[in-house]
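**Student:** 3D model of this:
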Amino acid sequence: MGILDELMGGGQRQREYRDFVDRYEQGNPSEGYSDQEVLKRYGDVSHAVPSDQYAQAAIEALGKLSPEERAAFVKMLQERAAARGVALPGQVAPEPKELGEVLTDLHGKPGQLRDILAGGDAQPLEQAQPSNPIIDILASPQAKAVLAGIAAMVVKRVMQGSSRTA
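**Tutor:** This is a model prediction of the structure:
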């Protein structure tokens with residue numbers, strides 16, 4: 001049984017994810033959860049949906065950021081992608097739709113977006129030390145907010161779909 005089936009089926013897993021979505025929607029999108037939780041939730045659900053659903057979740061998550069936060073996210077994304085030798089489109093506008101398309105393209109190669117947004121030097125995420133909560137894994141609050149938002153929007157849509165069919 002996949003993660004989406006578990007989320008539609010109710011139970012403890014659904015309650016955990018509903019709590020995550022609630023925390024995302026009620027506060028600042030970059031606060032209320034650890035980097036480790038964001039990466040786990042994102043990792044659990046981001047590849048479980050088709051790319052069009054991922055893109056819609058990314059656009060919704062980016063729409064929750066202010067224009068200034070999106071601009072800061074674009075700058076950080078461009079710098080970190082360049083440091084890892086990943087080519088982005090020449091000019092990335094800090095608008096949710098365009099930026100969502102860029103994130104969806106990066107997401108198409110498993111692990112690439114997470115690796116770009118991971119803090120520190122160009123080490124793979126697996127080599128980061130997730131057991132130490134003092135170390136920030138993600139490169140910025142905006143990175144945390146975007147990944148949390150994508151995960152939350154995917155989960156929210158899946159659970160809304162299950163309540164309509166129940």
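**Student:** Could you say which helix or strand holds the residue most central in space within the chain?
**Tutor:** Closest residue to the average C-alpha location of the chain: L147 at 1.7 Å, with CA atoms, centre = their mean. For L147, the host element (DSSP states H and E) is helix 141-165.
**Student:** how far out from the middle of the chain is that helix?
**Tutor:** Relative to the centre of its chain, helix 141-165 is centred 9 Å away, using CA atoms, centre = their mean, to the nearest Å.
**Student:** Now it: average pLDDT?
**Tutor:** Throughout helix 141-165, pLDDT has a mean value of 84.
**Student:** Might you report the residue contacts of the residue nearest to the residue nearest to the centre of the chain when sequence neighbours are not counted?
**Tutor:** Setting aside the residues directly before and after it, L147 is nearest to Y42 in space (CB to CB, 6 or more residues apart in numbering), at 4.5 Å. Where you see a C-beta, it was placed from the backbone N, CA and C, and this is true even at glycine. Y42 makes contact with R114, L147, A148, I150, A151 under the criterion CB atoms under 8 Å, 6 or more residues apart in numbering.
**Student:** could you measure the closest residue to A57 other than its chain neighbours against G161, distance?
**Tutor:** Leaving aside its chain neighbours, A57 sits nearest to M153 (3.6 Å; criterion: CB to CB, 6+ apart). According to CB to CB, to the nearest Å, M153 stands 13 Å off from G161.
**Student:** Which one's more surrounded, those two?
**Tutor:** Neighbour tally, M153 and G161, criterion other CB atoms under 10 Å: the higher count belongs to M153, 25 against 13.
**Student:** got any ranges where this protein has weak pLDDT?
**Tutor:** Scanning the chain for pLDDT under 70 picks out 1, 4, 6-8, 119-136, 162-166.
**Student:** again, 90 this time
**Tutor:** Counting by pLDDT under 90, the chain has low-confidence residues at 1-17, 27, 29, 44, 47, 87-93, 109-112, 114-140, 157-166.
**Student:** Do a quick rundown of the helices in the chain.
**Tutor:** All helices of the chain, identified by DSSP state H, fall at 3-9, 11-26, 35-45, 51-63, 67-83, 96-107, 112-117, 141-165.
**Student:** quick one: S34 and I137, what's the gap?
**Tutor:** The gap separating S34 from I137 is 9 Å, by CB to CB.
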